[in-house]
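# I'll drop the sequence and a predicted model, then ask my questions.
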Amino acid sequence: MRVVLSVWLASLVGAAVQAQKYQCDPSPAGLSDNCIGCICESSTNCNRTAQCISGNSFCGPFLISKGFWIDGGSCVLDNDNPNDPAAWRRCALDLVCSANTIRSYINRFGKDCNGDQLVTCEDYVMIHKNGGWNCGNSLQGSKFWDIFQQCKDTVIARGLNI
């Protein structure tokens, strides 16, 4: 009886974990198009034809990894199957799908990463580069951060919000 109960509980817990899997949510929710554009600039100069680097670990204009894609809810191209092992790469290589992945990831992990008591584009940049679990690591002095700051300054100089 104990073994049957243990197996039943294990299957119940497994089903609950599967049901709680984060789903793709690309709603804007605070992440502006200008901010996402600067994240793209910082990643690859927003190269729409960027392929995969580092042994196919990071792909597309935002250099998305498979782990990032999964944590971001496994967004896919229209009519694609998120369970297909190559779906993450197809999405990462597509500008719109990869931007949706960034938005969804930010919706899941968005928080104050730099300790200024605000959640702003700077935090979203830190989340993108460091990951949602470790976003507090400073990016200052990195080429990525320098490109972001130049992009942000350009956006602001044009009278737009970042």
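Happy to help now that I have it. Residues are numbered from 1 along each chain as shown.

# Next, find the distance separating the residue lying closest to residue 151 once chain neighbours are set aside from residue 74.
Distance criterion C-beta to C-beta, 6 or more residues apart in numbering; nearest residue to residue 151, sequence neighbours excluded, is residue 38 at 3.8 Å. From N, CA and C alone the C-beta is placed, and that goes for glycine too. As judged by C-beta to C-beta, to the nearest Å, residue 38 and residue 74 stand 25 Å apart.

# repeat for residue 157
From residue 157 across to residue 74, the span is 37 Å (C-beta to C-beta).

# who's more crowded, those two?
Neighbour count, other C-beta atoms under 10 Å: between residue 157 and residue 74, residue 74 has more, with 21 against 8.

# what's the nearest residue to that one once chain neighbours are set aside in contact with, if anything?
Closest residue to residue 74 apart from its sequence neighbours, by C-beta to C-beta, 6+ apart: residue 82 at 4.1 Å. Contact analysis of residue 82 by C-beta atoms under 8 Å, 6 or more residues apart in numbering lists 24, 74-76.

# Not counting its neighbours along the chain, what's nearest residue 156?
residue 162 (6.2 Å).

# Go ahead and confirm that neighbour touches residue 37.
No. Here residue 162 does not reach residue 37: they are 9.3 Å apart, not a contact under C-beta atoms under 8 Å.

# what sits in contact with each of those two?
residue 155.

# before we move on, the earlier item: what residues sit buried inside the helix or strand hosting the residue nearest to residue 151?
Assigned by DSSP states H and E, residue 38 belongs to helix 33-44. Neighbour-count burial for helix 33-44 flags 34-36, 38-44 (criterion: 16 or more other C-beta atoms under 10 Å).
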